[in-house]
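Chemist: make a model of this:
(one chain, ligands or ions: 1)
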Amino acid sequence: MIILNQSKRNPSNIQPSEITPREVFEHRRSFLKAAGFALAAGSALLLSGKTLAAEKVAFKAGTGQKINGYSKTAYGAGEQLTPYKDITTYNNYYEFGTGKSDPAIEAVLFKPRPWTISIEGHVKKAKSISIEDLLKLAPLEERIYRMRCVEGWSMVIPWVGLPLASLVKWADPTGNAKYIEFISANDSLTMPGVRSPILDWPYTEGLRMDEAINPLTLLAVGLYGEYLPNQNGAPVRLVTPWKYGFKGAKAIVKIRFVEKMPLTTWVKAGPNEYGFYANVNPNVDHPRWSQSSEKPIGRGLFADRIKTKMFNGYSEQVGQMYAGLDLNKNF
Ligand code: MTE
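Modeler: Just a heads-up that it's a prediction; the model follows:
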């Protein structure tokens, strides 16, 4: 790896080609192209033998542990849910491989307990919180959210979780905290994907402070009334339904309150293709494909694509946060 002279460099000006050796950078570009190609091949993947194997493993490994004492909410009432089988076997989680069925198979050794999240940066006092204490910060709720992946597919998922706002309040940030950075687990023993430089590990995502405390923003700990399966981000992951799915960092180990917009994993990997905001926007195409429609997962190979909505249909709840922001530039 090329070591940068940190004192002279502003991280937001660093180009991906400067951070990594050229061959790794080029490999990453071709990997990103391949990822796009895999997407174009679309749900043919769903029929592969590997996916069937993943389903078997997922059912065995699925925690099956019921969450007691969460309340149902009106969010997404009446929506047609994506089946559990699809939510837990068609995943993006590059720490466990780049194939959609890899996480269900490869994440079986991952241990989501014991777990603590460390809280750092612009807070009155740096501290950490165990998953058990996190679960007590606010009443757990079930919220059915539409989720849209940047690759052009979508799911409707009954998440169980608590508002991120309740953790932000507990963390007690100072006035300098303008953004929050979410950092995922990076354990080469149990996460085979992090042994290769396909992304700049650990997986890092970020939100502006107003986005973080928006009532829609959830820290999910479960789905379909059970604790999260490993492949979906156990024990805790971020859910921002008006943004493309890559915002939803899984297996969060660190939350850092920062002053400047963080340089996130996908922005580093492809700044022209993936933006910090990542708001679902049918009017701003990905450079390699249209974002105007999406394939609903779990309705069969020949299900019609559906029209993608601005902010994934959550304009009323979040649109105001972006008033005055050019969404073509701030994609
Ligand atoms: N979080 C981590 N740590 N690693 C990842 O590779 N993939 C992201 C996001 N969170 C990813 C991640 C992407 S691209 C998507 S679309 C969603 O997780 C997928 O979540 P799901 O597999 O639960 O549907």
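Chemist: burial of the closest residue to the ligand within the stretch 101-250 of the chain, as a residue count?
Modeler: Going by Cβ to the nearest ligand atom, the ligand is nearest to residue 245 of the stretch 101-250 of the chain, at 2.7 Å. Every C-beta, even on glycine, is put in place using the N, C-alpha and C of the backbone. For residue 245, the count of nearby residues is 21 (other Cβ atoms under 10 Å).
Chemist: can you pull the contacts of the most centrally placed residue in the chain?
Modeler: The residue lying closest to the centre of the chain (Cα atoms, centre = their mean) is residue 248, at 1.9 Å. Going by Cβ atoms under 8 Å, 6 or more residues apart in numbering, residue 248 touches 147, 205, 233, 237-240.
Chemist: quick check: the residue of the stretch 101-250 of the chain closest to the ligand touching residue 90?
Modeler: No. The pair residue 245 / residue 90 is not scored as a contact, 11.5 Å apart, by Cβ atoms under 8 Å.
Chemist: get me the contact residues on the stretch 101-250 of the chain for the ligand.
Modeler: Contacts of the stretch 101-250 of the chain with the ligand, taken as Cβ under 6 Å from any ligand atom, map to 149, 184, 203, 232-233, 245-246, 248-250.
Chemist: tell me, what's the model's pLDDT at the residue nearest to the centre of the chain?
Modeler: pLDDT recorded at residue 248 is 98.
Chemist: nearest spatial neighbour of it, chain-adjacent residues omitted?
Modeler: residue 238 (4.9 Å; Cβ to Cβ, 6 or more residues apart in numbering).
Chemist: other residues contacting the helix or strand encompassing that neighbour?
Modeler: Using DSSP states H and E, residue 238 falls within strand 237-239. By Cβ under 8 Å, 6+ apart, the list of residues contacting strand 237-239 from outside reads 145, 147, 159, 161, 164, 182, 205, 207, 217-220, 228, 247-252.
Chemist: state the mean pLDDT of that strand.
Modeler: Strand 237-239 comes out at a mean pLDDT of 99.
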